[in-house]
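Peer 1: Sequence isn't available, so here's the structure alone:
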């Protein structure tokens, strides 16, 4: 991990231990120009953000529940690996994906427990193209591991069906 990201990670951990998970995620988001960051969970064929932060609407605490196949998180879940796209409209991997015209950019990593079970995803996303190279994947993987191993991953949102 880059030296500056060691400080970022330490600050993230302090905020999480202080019960400020959403603010800790907002701090990670501020390192990029993406609009959204979230911890996404999947359950019963659906997906929703257990924690959601929207840079343009910080008072918005939740995302909209969608079919699990309508998120790019499904690629992370299927592969157990990071997935990113700078522009879904020109990404040939996504020509049939249902969200490609609504969510244009995505950079996500798996959140998995010590046995390798994927609990969810930690992802940046936006409705406009963004350069995923601005997201430090190593930092995101460290954060995801910290969240999982420290049991800081919230359950699937109760308000969702």
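Peer 2: On my side now, so go ahead. Only a predicted model underlies this, so the values are computations on that prediction, with no experimental measurement involved.
Peer 1: Off-centre distance for the longest helix along the chain?
Peer 2: Using DSSP state H to define each element, the chain has its longest helix at helix 3-17. Its chain's C-alpha centre and that of helix 3-17 lie 17 Å apart, by CA atoms, centre = their mean, to the nearest Å.
Peer 1: Just the buried residues of that helix, please?
Peer 2: Across helix 3-17, burial judged by 16 or more other CB atoms under 10 Å covers 5, 8, 9, 12, 13, 15, 16. In short, each C-beta sits where N, CA and C put it, glycine included.
Peer 1: Nearest spatial neighbour of the spatially most central residue of the chain, chain-adjacent residues omitted?
Peer 2: The residue lying closest to the centre of the chain (CA atoms, centre = their mean) is residue 123, at 1.8 Å. Take residue 123 and drop its neighbours on the chain: the residue closest to it by CB to CB, 6 or more residues apart in numbering is residue 108, 3.1 Å away.
Peer 1: Remind me what the worst-scoring helix or strand of the chain on mean pLDDT packs against, helices and strands.
Peer 2: Every helix and strand in the chain was compared by mean pLDDT, DSSP states H and E; the lowest is helix 3-17, with a mean of 90. Packing contacts for helix 3-17, counted by 3 or more CB pairs under 8 Å, 6 or more residues apart in numbering; DSSP states H and E, involve helix 21-29, helix 137-149.
Peer 1: Looking at those, which is nearest to residue 128?
Peer 2: Comparing those against residue 128 with CB to CB, the closest turns out to be helix 21-29 (14.8 Å).
Peer 1: Buried residues, the closest one. List them.
Peer 2: So, applying 16+ other CB under 10 Å, buried residues of helix 21-29: 21, 22, 24, 25, 26, 28, 29.
Peer 1: Determine the set of other helices and strands touching that helix.
Peer 2: Helix 21-29 packs on helix 3-17, strand 36-43, strand 46-54, helix 137-149, going by 3+ CB pairs under 8 Å, 6+ apart.
Peer 1: so which of these comes closest to residue 130?
Peer 2: Of these, nearest to residue 130 by CB to CB is strand 36-43, at 10.3 Å.
Peer 1: give me the number of residues near residue 100?
Peer 2: Each residue near residue 100 was counted by other CB atoms under 10 Å, and the total is 19.
Peer 1: Low-confidence regions, the protein specifically.
Peer 2: 1-3, 159-161 (pLDDT under 70).
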